[in-house]
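Asker: Pasted the sequence and its predicted model underneath.
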Amino acid sequence: MSKIKVAVIGCGAIAQRRHIPEYAANDNVELVAFADPIIERAEQMAEQYGGKSYASIEQLLEAEKVDAVSVCTPNYLHAQHSIAAANAGAHVLVEKPMATSKEDAEKMIEAARKNNVYLMVGHNQRLMPPHVKAKELLDSGKLGKVLTFRTSFGHAGPEGWSVDGRESWFFRKEEAVMGAMGDLGVHKADFIRYLLADEVVEVSGFIGTTHKEDTDVDDNATCILRMKSGAIGTLVASWTQYKGGDNSTVLWCENGVIKIGATSGDEVVVELTNGTQETYKVGAMATNEKQVPSGVIDAFVESIKTSTPPSISGEEGMRSLNVILAAFESQATGRSIKL
């Protein structure tokens, strides 16, 4: 099979550190084009990886016939750019949150369906080795029913990660729409749905800006979730974990507890009520400091290569987005929101 021709839209941190190098490392891919309104960024990527540079997605799609597109632009542009790529007949991998409203997410799903292309959302938490292992252990049934849980994702904020530092679009509400919840909370909403093979039916959200100055996007959120199965738990997203960021999940089950990434970040620990304890070291989670492959790019390429719809589909992305949108509604209304 000939190589899959890929274009990357938006050449900021997530593109530079994950999407582009992971495409470059995949033998099935040819990187043919890059677009960024700051054209120097696109030029730099084209120089480094080959291909052409463009100042906009419109120019790129007019000039190039590509098989697939990664959308790595600010949140408010995800829908517009994904729909444009789908309408050009390209498969789409979009960063999370896939959109900033349910309506936009639905339009993206519809555009992919109408053009007979795949839409995949970059929810890489599902693919991290400790998370894959935890899912396998949970699905084996040895822990029994999940009763309560907590899942949390925090770091020191995008200023240390974004190519623009404190000037990043992440801090501008009109471009980001949501802060820590769009960056981290949606990942955990997606992960808990995947891990439990369950849906969130009710959300209470406590969301605010506690410490980041000169921004009106949220830097912290604590949410209470009720699942369809009856399990109850908390979801935390934070941009103010300045020391000792967290990407851990703990599930208390009928037959014991499973702790994922709770001590050193790369392990799964199972402690059963019968006294046995098992520890699995299965490989590290990707962090901002340590960019291990996310698995998302390879999964996307594999989908295209084998004509298999991606498991992290637009519909899955939308269900996870709906959880955080409900949390914002809860914060705004002071009520718990049923999904």
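Answerer: Everything's here; your move.

Asker: low-confidence ranges in this protein?
Answerer: Scanning the chain for pLDDT under 70 picks out 1, 265, 284, 286-293.

Asker: and for the lengthiest helix in it, what are the contacting residues?
Answerer: Selection of the longest helix in the chain by residue count, based on DSSP state H, yields helix 314-333. Contact with helix 314-333 is made by 94, 96-99, 101-102, 105-106, 108-109, 112, 119-121, 123, 178, 181-182, 185-186, 189-190, 193, 199-200, 203-208, 221, 223, 225, 336-337, 339, as judged by Cβ atoms under 8 Å, 6 or more residues apart in numbering. Just so you know, the C-beta spots here come from the backbone N, C-alpha and C atoms, and that holds for glycine as well.

Asker: neighbours of the spatially closest residue to residue 217 that is not a sequence neighbour, just the number please.
Answerer: On the basis of Cβ to Cβ, 6 or more residues apart in numbering, the spatially nearest residue to residue 217 that is not a chain neighbour turns out to be residue 179, at 3.2 Å. Neighbour count for residue 179, taken as other Cβ atoms under 10 Å: 28.

Asker: domain assignment for this protein?
Answerer: The record's domain split for the chain, according to automatic domain parsing, is 4-124+295-309, 125-293+321-338.

Asker: Spell out the residue ranges of the strands in the stretch 101-250 of the chain.
Answerer: Taking DSSP state E, counting those that start in this stretch as the test, the strands found in the stretch 101-250 of the chain are 119-121, 146-154, 200-208, 220-227, 232-238, 246-253.

Asker: Let me have the ones you listed in CSV, extended by distance to residue 31 and mean neighbour count.
Answerer: Listed next are the strands of the stretch 101-250 of the chain as CSV, based on distance: least, Cβ to Cβ, whole Å; neighbours: other Cβ atoms under 10 Å:
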stretch, distance to residue 31, mean neighbour count
strand 119-121, 18, 29
strand 146-154, 29, 20
strand 200-208, 37, 20
strand 220-227, 36, 21
strand 232-238, 32, 22
strand 246-253, 29, 20
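
Asker: possible to save these as JSON lines with distance to residue 277?
Answerer: Below are those laid out as JSON lines (distance: least, Cβ to Cβ, whole Å):
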{"stretch": "strand 119-121", "distance to residue 277": "35"}
{"stretch": "strand 146-154", "distance to residue 277": "19"}
{"stretch": "strand 200-208", "distance to residue 277": "30"}
{"stretch": "strand 220-227", "distance to residue 277": "26"}
{"stretch": "strand 232-238", "distance to residue 277": "22"}
{"stretch": "strand 246-253", "distance to residue 277": "14"}
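
Asker: Between those strands, which one is closest to residue 170.
Answerer: strand 232-238 (13.1 Å; Cβ to Cβ).

Asker: so what secondary structure elements neighbour the closest one?
Answerer: strand 146-154, helix 186-196, strand 220-227 (3 or more Cβ pairs under 8 Å, 6 or more residues apart in numbering; DSSP states H and E).

Asker: Of those, which is nearest residue 63?
Answerer: helix 186-196 (32.9 Å).

Asker: Send me that closest one as CSV with only the CA atoms.
Answerer: In CSV, the C-alpha atoms belonging to helix 186-196 read as follows (Å, rounded to 0.1, in the frame of the first residue of the first chain):
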residue,chain,number,x,y,z
VAL,A,186,-12.2,15.9,29.3
HIS,A,187,-9.3,13.4,29.3
LYS,A,188,-10.4,12.0,32.6
ALA,A,189,-14.1,12.0,31.6
ASP,A,190,-13.2,9.9,28.6
PHE,A,191,-10.9,7.6,30.6
ILE,A,192,-13.4,6.8,33.3
ARG,A,193,-16.1,6.0,30.7
TYR,A,194,-13.7,3.8,28.9
LEU,A,195,-12.2,2.1,32.0
LEU,A,196,-15.6,1.3,33.6
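
Asker: still on that earlier bit, could the helices and strands packed on strand 232-238 go into TSV alongside distance to residue 78?
Answerer: Below are the helices and strands packed on strand 232-238 laid out as TSV (distance: least, Cβ to Cβ, whole Å):
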stretch	distance to residue 78
strand 146-154	19
helix 186-196	12
strand 220-227	20
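
Asker: And those: which comes nearest residue 10?
Answerer: Here helix 186-196 is closest among the helices and strands packed on strand 232-238 (Cβ to Cβ), at 17.7 Å.

Asker: returning to what we had before: out of the domains of the chain, which is the most enclosed?
Answerer: Of all these, domain 4-124+295-309 carries the top mean neighbour count, a mean of 20, counting by mean count of other Cβ atoms under 10 Å.

Asker: which stretch among the strands of the stretch 101-250 of the chain comes nearest residue 20?
Answerer: Short answer: strand 119-121, nearest of these by Cβ to Cβ, at 16.7 Å.

Asker: next one: the closest one to chain centre, how far?
Answerer: 10 Å (Cα atoms, centre = their mean, to the nearest Å).

Asker: again with stretch 215-227
Answerer: How far stretch 215-227 lies from its chain's middle: 16 Å, per Cα atoms, centre = their mean.
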